[in-house]
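J.: here's a sequence, model it:
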Amino acid sequence: MDLNGISSETLEAIKKSATTGITVATGLQGYDLRDVISLVPAPSSFYSSLAHTTPEQGADYATWRVMMNINNQQANPATAFDAPAPLHKNSLITVSAAYAKLGYGYTVTKDAIAKARGFADAKAIEVYGSMNLYKVGADKMSLYGSNVALGTPATPSVTQSDTGGTIAASTAVNVKVAARTGTNYSYGGSTAASAQGTVTTSSVAAATHSATASVTAVRGAVAYDWFVAGFYYTTTVVNKVTITSIPTANQAIPTNLPGLYATAPATVPASDSSANPFEFNGLLATLAGDYATGGASGLVQAGTGLASGASFTSLDGAGFTGSGQTINELDALNTAFFNNTFMSPSAYMCSSVDASKLSTLILGSSNGGTTFFTPGNDGRGDITAGGFVGHYINKATGGTPVRIEVHPNMVPGTLIARTDHVNFPNSNISNVFELRDLEGVQDYEYGVSRGTGVGGGPRFDGEVYSSSVLVNRAPIAQAVLSNIGG
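T.: Residues are numbered from 1 along each chain as shown. All right, here's what the predicted structure looks like:
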């Protein structure tokens, strides 16, 4: 160590340090300057798979043609000689949808940039963080965005059991339920709550009663909020719940649902927030909603327009079933899909939870898989355990393999069978799905600004954003399994 350039004041400080000792509390600690790390994941598998297109001119709305299914409405082609053949019915309608803006903003002060110089680019890190969060938000919006309301759930059916809980005998269990879209699941909100369903526990004199509430599946919903005795009880990804106690205050959000919005509803919702006018309709909404007729128009609430033609099946809380290499629910979906379109899905889009259930069911069967033993250097077997089923054979089409895709932002309990190519003659559909960008994703910097207080500036403000809409040209070529339990 070269002491020639050290001042006398520094030497005096070193002497004091040497006489009093150095501890963790009083000593010097180093900083690891090797990395600037980010602990924010950016899963965006569906968004990243979409074809991005840009219109030639700006507009409030994007317009495209949607293929509807009317094969079962065609007239008998048998025709008398010298008589004209019946006209075929067209199955295309014109759809329009408003562009929506997606984005996240950032701010970084000039002082923060200066203090980070030589270590990291503070401004670049802010822009990068906003970009990552944008991709996550755009993926969720592409899957689940909805500017069409789901509709209020029906009155729940409630039954009681003498066991399974801590509810006293002869106690009224009053239940309401509200449904959530996928973006409600991630960011809060729901439909208005249903009317109240009620059951009174039996007179068996023991505080061990429980109740089970269920509701008719809401088309397009991915989760349900349950309210008991006027308080928030829990959220489920199936349309039923087991109630083991009567709450006296709002309960905490369940921790076993990945990605669920962290704030519980404060009150029983009296109005609908399942429709957000600033969202564009994502994949599930384009399947669950109806299409308005009469000129270029968009989606309307299910049951009020022309049905999309997509196949919907609710398992009502039941799990996948099967034996050997058969999954009954996927076979039924494939058969209905083939009967409707004469096609096979390209992929099953599901959460890691549901993909794991499929693999466990198939590989757990005695006919489900093969174990490989790899000899090691010492001659002993090196066994690799576990497995993932990446494809499922569509028996309805004679053996077409369908990919099982894990999408991190898919909500557990919902599976979407997606078709990427429509092979109808002269369908003229190059992209079944596309994200039409009025403005593609970009970093827009407002410039140097100032405010009051700490962080007020001088600073650089900006945002990463796009103006987009999801185009789905063939909703008939998709199917949905919802309320998957197990």
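
J.: just confirm residue 361 is within a helix.
T.: Yes: under DSSP: H, G, I helix; E, B strand; the rest coil, residue 361 falls within a helix.

J.: mind listing the strands the longest strand seen in the chain pairs with, and their directions?
T.: Using DSSP state E to define each element, the chain has its longest strand at strand 433-449. Strand 433-449 has the following strand partners under DSSP bridges: strand 51-53 (parallel), strand 459-472 (antiparallel).

J.: and the contacts of the shortest one?
T.: The reference is to strand 51-53. Here strand 51-53 makes contact (C-beta atoms under 8 Å, 6 or more residues apart in numbering) with 431, 433, 434, 435, 436, 437, 440, 471. Glycine gets a C-beta too; all of them are placed from N, C-alpha and C.

J.: which of the residues you listed count as buried?
T.: Among those, those buried by neighbour count (16 or more other C-beta atoms under 10 Å) are 433, 434, 435, 436, 437, 471.

J.: now the two most distant members of these.
T.: Greatest spatial distance among those (C-beta to C-beta): 433 and 437, at 13.5 Å.

J.: follow-up on the earlier one: centre of the chain to the longest strand of the chain, how far?
T.: 23 Å (C-alpha atoms, centre = their mean, to the nearest Å).

J.: now the helices: where do they sit in this protein?
T.: Along the chain, counting by DSSP state H, helices occupy 8-20, 45-49, 110-115, 122-144, 182-187, 283-288, 328-341, 352-363.

J.: ranking the strands paired with strand 433-449 by burial, who's on top?
T.: strand 459-472 (a mean of 21; mean count of other C-beta atoms under 10 Å).

J.: where's it relative to the chain centroid, distance-wise?
T.: 19 Å.

J.: for residue 287, give me its contacts.
T.: With C-beta under 8 Å, 6+ apart, residue 287 has these contacts: 220, 308, 310, 312, 416, 472, 475, 478, 480.

J.: if we use 6 Å, what do you get?
T.: Going by C-beta atoms under 6 Å, 6 or more residues apart in numbering, residue 287 touches 308, 310, 475, 478, 480.

J.: cool, residue 157 as well?
T.: Applying C-beta under 6 Å, 6+ apart, the residues near residue 157 are residue 214.

J.: burial measure for the residue nearest to residue 217 when sequence neighbours are not counted, as a count.
T.: Distances taken as C-beta to C-beta, 6 or more residues apart in numbering place residue 314 nearest to residue 217, at 3.7 Å, with adjacent residues excluded. Look at residue 314: counted by other C-beta atoms under 10 Å, it has 18 neighbours.

J.: surely residue 314 and residue 218 touch.
T.: No: judged on C-beta atoms under 6 Å, residue 314 makes no contact with residue 218 at a distance of 9.2 Å.

J.: can you pull out the low-pLDDT segments for the stretch 351-486 of the chain?
T.: Scanning the stretch 351-486 of the chain for pLDDT under 70 picks out 365-383, 424-428.

J.: what bridges to residue 64?
T.: residue 95.

J.: pretty sure it contacts residue 471?
T.: Yes: contact criterion C-beta under 6 Å: residue 64 and residue 471 qualify, at 5.2 Å.

J.: how far away is the nearest residue to residue 220 once chain neighbours are set aside from residue 211?
T.: Once flanking residues are discounted, residue 220 sits nearest to residue 288: 3.0 Å by C-beta to C-beta, 6+ apart. Remark: distance between residue 288 and residue 211 (C-beta to C-beta, to the nearest Å) = 29 Å.

J.: again with residue 322
T.: 31 Å.

J.: excluding chain neighbours, what is closest to the spatially most central residue of the chain?
T.: By C-alpha atoms, centre = their mean, the chain has its centre lying nearest to residue 410, at 3.6 Å. Of all residues not flanking residue 410 in the chain, residue 351 sits nearest, at 4.3 Å (C-beta to C-beta, 6+ apart).

J.: my read is that the one you found contacts residue 413, right?
T.: No: distance between residue 351 and residue 413: 7.8 Å, which falls outside the contact criterion (C-beta under 6 Å).

J.: more neighbours: those two, which one.
T.: For residue 351 versus residue 413, neighbours defined as other C-beta under 10 Å are more numerous around residue 413 (26 against 22).

J.: what's the closest non-adjacent residue to that one?
T.: According to C-beta to C-beta, 6+ apart, the nearest residue to residue 413 is residue 237 (3.3 Å).

J.: and the end-to-end length of stretch 63-76?
T.: 33 Å (C-alpha to C-alpha, to the nearest Å).

J.: what mean pLDDT does that stretch get?
T.: Stretch 63-76 shows a mean pLDDT of 70.

J.: list the contacts for residue 56?
T.: Taking C-beta under 6 Å, 6+ apart as the definition of contact, residue 56 has no neighbours.

J.: whoops, residue 139 was the one
T.: Contacts of residue 139 (C-beta under 6 Å, 6+ apart): 44, 46, 47, 409.

J.: mind doing that once more with 8 Å?
T.: 43, 44, 45, 46, 47, 48, 409.

J.: wouldn't the fourth one be in contact with residue 406 here?
T.: Spelled out, that is residue 46. No: in this structure, residue 46 is not within contact of residue 406 by C-beta atoms under 8 Å, at 11.2 Å.

J.: ignoring the adjacent residues along the chain, who's closest to residue 361?
T.: residue 320 (5.5 Å).

J.: same deal with residue 411?
T.: residue 222 (4.3 Å).

J.: and for the closest residue to residue 208 other than its chain neighbours, the neighbour number?
T.: Computed as C-beta to C-beta, 6+ apart, the closest residue to residue 208 that is not its neighbour in sequence is residue 163, at 5.3 Å. The local packing of residue 163 (other C-beta under 10 Å) involves 9 other residues.

J.: from residue 135, how far off is residue 163?
T.: 48 Å.

J.: and if you look at residue 386?
T.: 30 Å.

J.: and for residue 333?
T.: Distance, residue 333 to residue 135, by C-beta to C-beta: 30 Å.

J.: picking that back up, surely the residue nearest to residue 208 touches residue 211?
T.: No: look at residue 163 against residue 211 with C-beta under 8 Å: they stay out of range, at 11.5 Å.

J.: domains of this protein?
T.: For the chain, automatic domain parsing gives the domain ranges 149-274, 283-296+307-482.

J.: most packed of those?
T.: domain 149-274 (a mean of 19).

J.: report the distance from that domain to the chain centre.
T.: 21 Å.

J.: what's the mean pLDDT across it?
T.: Averaging the model's pLDDT scores along domain 149-274 yields 97.

J.: quote the end-to-end distance of that domain.
T.: 5 Å.

J.: cool, and stretch 223-235?
T.: 7 Å.

J.: can you check stretch 387-404 too?
T.: Start-to-end, stretch 387-404 (C-alpha to C-alpha) is 13 Å.

J.: over to stretch 344-358?
T.: Note: stretch 344-358 ends 19 Å apart using C-alpha to C-alpha.

J.: so what touches it?
T.: With C-beta under 8 Å, 6+ apart, stretch 344-358 has contacts from 46, 258, 319-320, 327, 330, 333-334, 337-338, 388-389, 392, 394, 396-397, 400, 402-408, 410-421, 478-479, 484, 486.
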